[in-house]
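Undergrad: Predicted structure and sequence below. I'll ask about it afterward.
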Amino acid sequence: MPSLDSKNPITSLVGSFIAWKSLLLLIVIGSSVGPAYDTSSTLLSPEITSSHEPPFDLATKLTRWDSIYFIQASRRGYLFEQEWAFGIGFPTVIFYLSQGLSSFGIQSHESLEPLIGILVAHTSHLLSVLALYQLGLVVLRNQRLSFIAALLHILSPAGLFLSAPYNESTFAFLSFTGYLFFAKGLLGPKRTFAHDVSLVASGMWFGFATTFRSNGLFNGIPFAIALTHELTMPPTLSSIRRRFALLLGGLAIAVSFVIPQLVAFQIFCSVPSGTRLRPWCTSAFPSIYSFVQARYWNVGFLHYWTPSNIPLFLLAAPMIYILITSSVELIRRPLSIASKESITGNHSHLTVLVRSMALSQLILAALSITNYHIQIITRISSGYPLWYWWLAGVITEKKTSKFGGNVVKFMIMYAAIQGALFASFLPPA
């Protein structure tokens, strides 16, 4: 792992990012092992035959699995009901960027949207690395731990999913930025109006993240816990102002999830009388997202608990262990990852922040085991900062450094092997 250049840690992080991404792209280029396991990518680029893909065609090699849905949605919107399982944020960004390029005279072609998606993914991943580093400086007040945590995010087992036209890297950037604003607003030594604005801005960043991935709703947990904590305080003017800010920030997250559901309701449920409605339209809480996840993707309580999925549970086990262990330890000892300087004067608020982040992460792990397609945990965990901090602490402790080193080796090996499988359109995804 690269050493910390205390004079210019940003340069060290950028250099490490470029080196790691270059390695992953070389793995992609060298992964041509014959016909692809699945030929869906050829639907996006008809000129590419299913039996052969040019080795340097990164647009096709990185447009695999769910990214096909994102690219198609960016081209013609959501056409089929099942496509609403995917957040509108990423396709919308690609659409507007492609329109912007068209206004500059750049002609559209089959690879344009995939290449834009790849560029957005790489840019977002780099920005999320820098955001996580800055977040660590605010919360941990420890440059070394912040630097190591940011490096770990570069090496995330999400691997190529943070380079491909997927929403993981953008979700991570928006979430880390949301936490950065939240931490600055909550942990500030004073309760100024600017701190309350920072809390509202945090909710907006988290709201944008929720349009990319629905699990962004879990980012509302810190707002709920902080508001509950605030309600125990005397109702001074500053306290009332902060309660209002936390409420607005939390509402921003909820609204960002609800708006796409309302749009879908208008499309599928506002039909002439006598027309047969889709089943979810008449639900007490009509959500197209919940319906299509259950109907088309078999998402539900213990639905994934079948003998054929045992290998996927085993592949996900290391990441599940890290998420649960780090969450439980930091719920019990929330101040163990922070420096003495960070704890001084911020004891209660820092405890609230760390425990709420740990609870959010723990809920994600629990739902991954019971409801989600378990293998996706290695990529959706990339947008949660707490386990990076915990692992950075494990690495720097003499008693646990060996275990921490083994975890890093696992991350590197998993991301490298996953990259070759992903580029060849082989599971798991």
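TA: That came in fine, so what should we check first?

Undergrad: Return the distance of whatever helix or strand residue 21 lives in from the chain's centre.
TA: Using DSSP states H and E, residue 21 falls within helix 9-29. Here helix 9-29 is found 19 Å from its chain centre; the criterion is C-alpha atoms, centre = their mean, to the nearest Å.

Undergrad: Check which helices and strands that helix sits against.
TA: helix 58-61, helix 112-139, helix 143-154, helix 401-423 (3 or more C-beta pairs under 8 Å, 6 or more residues apart in numbering; DSSP states H and E). Using the backbone N, CA and C atoms, a C-beta is placed for each residue, glycine as well.

Undergrad: Isn't residue 243 up against residue 228?
TA: No: if you go by C-beta atoms under 8 Å, residue 243 and residue 228 don't touch, sitting 10.2 Å apart.

Undergrad: one step back: for the helix holding residue 21, list every residue counted as buried.
TA: For helix 9-29, burial by neighbour count (16 or more other C-beta atoms under 10 Å) applies to 9, 12, 13, 16, 17, 20, 21, 24, 25, 27, 28.

Undergrad: now do stretch 351-363
TA: So stretch 351-363, judged by 16+ other C-beta under 10 Å, has buried residues 351, 352, 353, 354, 355, 356, 357, 358, 359, 360, 361, 362.

Undergrad: likewise stretch 400-416?
TA: Here stretch 400-416 shows 404, 407, 408, 411, 412, 414, 415 as buried, counting by 16+ other C-beta under 10 Å.

Undergrad: low-scoring stretches of the stretch 201-350 of the chain, by residue?
TA: 274, 341-346 (pLDDT under 70).

Undergrad: same for the lengthiest helix in the chain, what does it pack against?
TA: As assigned by DSSP state H, the longest helix anywhere in the chain is helix 237-268. Applying 3+ C-beta pairs under 8 Å, 6+ apart, one finds that helix 237-268 contacts helix 193-210, helix 221-230, helix 288-297.

Undergrad: by contact count, what packs against the first one?
TA: Which is helix 193-210. Counting by 3+ C-beta pairs under 8 Å, 6+ apart, helix 193-210 packs on helix 168-187, helix 237-268.

Undergrad: In TSV: those, plus distance to residue 99.
TA: Formatted as TSV, the helices and strands packed on helix 193-210 follow (distance: least, C-beta to C-beta, whole Å):
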stretch	distance to residue 99
helix 168-187	18
helix 237-268	19
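
Undergrad: for the ones you listed, which one sits closest to residue 206?
TA: helix 168-187 (4.0 Å; C-beta to C-beta).

Undergrad: Just the buried residues of stretch 217-235, please?
TA: 217, 218, 219, 220, 221, 222, 223, 225, 226, 227, 229, 230.

Undergrad: Show me what that stretch is in contact with.
TA: For stretch 217-235, contacts defined as C-beta atoms under 8 Å, 6 or more residues apart in numbering pick out 175, 178-179, 182, 186, 199, 203, 206, 209-210, 239, 242-243, 246-247, 249-250, 253-254, 257, 348-349, 352-353, 355-357, 359-360, 363-364.

Undergrad: Buried ones among these?
TA: Buried, going by 16+ other C-beta under 10 Å: 175, 178-179, 182, 186, 199, 203, 206, 209-210, 242-243, 246-247, 249-250, 253, 257, 349, 352-353, 355-357, 359-360, 364, out of the contacts of stretch 217-235.

Undergrad: from the buried residues of stretch 351-363, which is closest to residue 398?
TA: Using C-beta to C-beta, the buried residues of stretch 351-363 come closest to residue 398 at residue 354, 23.3 Å.

Undergrad: Distance check, that closest one against residue 269.
TA: 42 Å (C-beta to C-beta, to the nearest Å).

Undergrad: I'd guessed residue 161 sits against residue 422; true?
TA: Yes: judged on C-beta under 8 Å, residue 161 makes contact with residue 422 at a distance of 7.5 Å.

Undergrad: Compare those two (neighbour count), which wins?
TA: Shown here are residue 161 and residue 422; by other C-beta atoms under 10 Å, residue 161 has more neighbours (30 against 27).

Undergrad: Need the distance between the two termini of stretch 376-393.
TA: 25 Å (C-alpha to C-alpha, to the nearest Å).

Undergrad: mean confidence score for it?
TA: The average pLDDT within stretch 376-393 is 97.

Undergrad: what's the spacing between it and its chain's center?
TA: 10 Å.

Undergrad: try stretch 285-299
TA: 20 Å.

Undergrad: mind listing what's buried in it?
TA: 286, 287, 288, 289, 290, 291, 292, 293, 294, 295, 299.

Undergrad: just to revisit the earlier point, how about the helices and strands packed on helix 237-268 in JSON lines, adding distance to residue 113?
TA: JSON lines is the format used below for the helices and strands packed on helix 237-268 (distance: least, C-beta to C-beta, whole Å):
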{"stretch": "helix 193-210", "distance to residue 113": "20"}
{"stretch": "helix 221-230", "distance to residue 113": "34"}
{"stretch": "helix 288-297", "distance to residue 113": "22"}
